[in-house]
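Enquirer: Here is the input, now give the coordinates:
(chains A, B, C and D)
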Number of protein chains: 2
Amino acid sequence: MALAQVTDVAARAGVSPATVSNALNHPDKVSAKTRERVRQAIEELGYVRNDAARQLRQQQNLAVGMIVLDIGNPFFADVARGAENTLGELQRPLLLGNSSQNAERELTQLRLFEEQRVAGILITPVGDALQRLGQIKDRGIAVVIVDREAGADEFSSVSTDDVLGGRLAAQHLLELGRRRIAVIGGPRIIRQVADRYEGARTAASALEDATVQLWDTGAMDSQAGRDATKTLLALPAEERPDAIFATNDLVALGALQELTRAGIHVPEDVALIGYDDIQFAASATVPISSIRQPAQEIGARAARLLVAAIADPSASVQHPVFTPALVARESTLGP
Amino acid sequence: MALAQVTDVAARAGVSPATVSNALNHPDKVSAKTRERVRQAIEELGYVRNDAARQLRQQQNLAVGMIVLDIGNPFFADVARGAENTLGELQRPLLLGNSSQNAERELTQLRLFEEQRVAGILITPVGDALQRLGQIKDRGIAVVIVDREAGADEFSSVSTDDVLGGRLAAQHLLELGRRRIAVIGGPRIIRQVADRYEGARTAASALEDATVQLWDTGAMDSQAGRDATKTLLALPAEERPDAIFATNDLVALGALQELTRAGIHVPEDVALIGYDDIQFAASATVPISSIRQPAQEIGARAARLLVAAIADPSASVQHPVFTPALVARESTLGP
DNA sequence: GGCGAGAATTAAATCGTTTCAATTTCGGTT
DNA sequence: AACCGAAATTGAAACGATTTAATTCTCGCC
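Expert: Residues are numbered from 1 along each chain as shown, chains lettered A, B, ... in the order given. You can find the predicted model right below:
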């Protein structure tokens, strides 16, 4: 059974296909009476427009694609929700993809979005996809970088100041008297990791006796946190850190689990701070200190910038930067 | 600047458009030499196929749509990842949508998927979308229900036995001597909520003096958990429950926060159990007992059933049911 | 060297919608 | 009652790929 299409609707309503199309897309061009007749025919036949044909003819797709690093991370889930809500209000469908911090999957997703001829792409890139994104932009697809400042001024970006965030975290630990800070997260090519680490080092450089070392984990989930922590605990006592700065809260939660399991007291023996301030950080066994980023707002802002770039490709690029904030809890302060 | 298309590639490679298409879609029909020439022309021109045109001509879309109740809930994020991985292996793009437990958004998403002519839909329906889904199936789009048993045998479904899960939770509480169980979650039209509640009541009906009451929250997030708990705490002491069964872990986490804030001891004063066993349940202030469901496996299984249904629409429907398991932690057992 | 089978290539039709330009209808005026 | 401009409607072309059926090559063999 073939699906109903415009010609069927037109026949049923006793008008031409062109009029059906107008009734749907330019209602002001059609008399009220005809509009109603078409509406009824559509209803009776259960007509659903074929978006492929529409796109082909219109030479454009309203939809926007988004690629996040890890949809299982509540931080990115929130960013995605922020974007989704904003785009929804603007009647733009969102195609949500997930790179799992995997460059190959990222490319697959990008290719898919290109084939779909999406109007724009929101992306938190894995490593160095910038060149590829440049090509995409040249193809007329708007691009906005999410949660990372785009160095070049080719695309707009929305970010928080990760260097500052790293500094805030380390300063907090240093002020509490900690001197050996282990930064855990990775891989290093992820810009967020590099920036947060850099911020932490900057903070420590002010003090003679403070050290900051990066332990590169392959991923950024709680498993990575557990693994890295095991490594740290295996160190000789004098090399063991007195503070851990996890580059996101999932990693911090994993670290906390492993520390607890090993009977290490947090924060007495080792202080712990995470990043993102996902809602679960506050309700952890030991509530985890963190650096807060306004997740939903980041997504919403990125969506708005993207839509603006779609509407006017020549509009000047912008790089709004949100300011992260320290949220101190028991994992650093103690009870 | 127009994008390159098959004719351009054909011209560059010195062949006809038909050959370019064959090189792409039926490589075995094209000589190795020609294939290579086409490949090169594609590369030089940066040709990216227009999926709308392809779909229109082929009369089919490989992509699959998925609608989850709440992408911010790690349980559904995991289900989605399970589905995504499986579909990825089968070369099928996944369009991920989020209903936020909102029937209207669900309809919007479904409409979108219909217009896209997706090959199939994976959905955890809000309330009573079954009739609508029937229409969709009649249109030739395969449907598989996720995380809820479809009563009718119109579509396949993948679920866990939520009635059993509810029973396990309540039995556990009853065995620990609790007698006044408050079930919090909602809205009630969500099948999971109704089933888990029913299971709990069944368990209690075996005991003379046990009561189970449902407190319907509008949503299923931690805010709902906090609000419901506030209501419970405002009850006169003799009506106050000695155990709370939250219909998912987000709600349980919210409840725990509110209990802690009010100085109520968990589990001494009030025992608490959640549902889903998301990873954050184990690392909560007081580790939360929960009912585990194999999230990723559910998603993967649903994806496989869907692909099978797409391949053979007349294939018999199946209703695999996973068995939930109690995971007892401190929030019921104590230290 | 010619023949024929199978491989390789291609011309032209087609998918379902929207749009452009052209035509028809309508309401109001003189 | 004829006419005019604006509003409403329509026929036919167009979007960019794939497919079918027909045509052209290739190569081994007699």
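Enquirer: what about stretch A:289-300, near chain B?
Expert: No - using Cβ under 8 Å from any Cβ of the partner chain, stretch A:289-300 stays clear of chain B, with a minimum separation of 9.9 Å. Placement of C-beta: from N, CA and C, glycine included.
Enquirer: Counting neighbours, what do you get for A:Asp269?
Expert: 12 (other Cβ atoms under 10 Å in any protein chain shown).
Enquirer: Using the three-state scheme, assign it.
Expert: coil (DSSP: H, G, I helix; E, B strand; the rest coil).
Enquirer: again, but for A:Arg148
Expert: Going by three-state DSSP: A:Arg148 is coil.
Enquirer: contacting residues around it?
Expert: For A:Arg148, the contacting residues are A:Thr124, A:Pro125, A:Ser157, A:Ser159, A:Asp162, A:Arg191, A:Gln192, by Cβ atoms under 8 Å, 6 or more residues apart in numbering or on different chains.
Enquirer: For it, what are phi and psi?
Expert: phi -170, psi 130 (degrees, to the nearest 10).
Enquirer: any idea how far it is from DNA strand D?
Expert: Per Cβ to the nearest atom of the strand, to the nearest Å, A:Arg148 is found 32 Å from DNA strand D.
Enquirer: what helix or strand is A:Leu168 on?
Expert: With secondary structure defined by DSSP states H and E, A:Leu168 is part of helix A:162-175.
Enquirer: Which elements pack onto the helix or strand that that helix is followed by?
Expert: Counting by DSSP H and E, the next helix or strand C-terminal to helix A:162-175 is strand A:180-185. Identification of packing neighbours for strand A:180-185 by 3 or more Cβ pairs under 8 Å, 6 or more residues apart in numbering or on different chains; DSSP states H and E yields helix A:162-175, helix A:191-205, strand A:211-216, helix A:222-233, strand A:243-246, helix A:249-261.
Enquirer: just so I know, which of those lies nearest DNA strand C?
Expert: DNA strand C sits nearest to helix A:191-205 of all those, at 40.0 Å, using Cβ to the nearest atom of the strand.
Enquirer: what angle separates the closest one from helix A:162-175?
Expert: Interaxial angle, helix A:191-205 versus helix A:162-175 (axes from the mean of the first three to the mean of the last three Cα atoms, to 10 degrees): 40 degrees.
Enquirer: Give the other helices and strands that helix A:191-205 contacts.
Expert: Judged by 3+ Cβ pairs under 8 Å, 6+ apart, the packing partners of helix A:191-205 are helix A:162-175, strand A:180-185, strand A:211-216.
Enquirer: Please identify the pairing partners of the last one and their relative orientation?
Expert: Each strand that strand A:211-216 pairs with, and the sense of that pairing, follows from DSSP bridges: strand A:180-185 (parallel).
Enquirer: Name the residues of the partner strand that are buried.
Expert: Under the neighbour-count criterion of 16 or more other Cβ atoms under 10 Å in any protein chain shown, strand A:180-185 has A:Arg180, A:Ile181, A:Ala182, A:Val183, A:Ile184, A:Gly185 buried.
Enquirer: cool, stretch A:60-74 as well?
Expert: A:61-74.
Enquirer: helices and strands around the helix holding A:Leu168, which ones?
Expert: For helix A:162-175, the elements it packs on are strand A:180-185, helix A:191-205, strand A:243-246, strand A:271-273, strand A:290-292, strand A:325-327, judged by 3+ Cβ pairs under 8 Å, 6+ apart.
Enquirer: Dump the ones you listed to JSON lines, plus distance to B:Ile278 and mean pLDDT.
Expert: Output for the helices and strands packed on helix A:162-175, formatted as JSON lines (distance: least, Cβ to Cβ, whole Å; pLDDT from 0 to 100):
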{"stretch": "strand A:180-185", "distance to B:Ile278": "22", "mean pLDDT": "96"}
{"stretch": "helix A:191-205", "distance to B:Ile278": "24", "mean pLDDT": "95"}
{"stretch": "strand A:243-246", "distance to B:Ile278": "19", "mean pLDDT": "98"}
{"stretch": "strand A:271-273", "distance to B:Ile278": "21", "mean pLDDT": "98"}
{"stretch": "strand A:290-292", "distance to B:Ile278": "19", "mean pLDDT": "98"}
{"stretch": "strand A:325-327", "distance to B:Ile278": "22", "mean pLDDT": "98"}
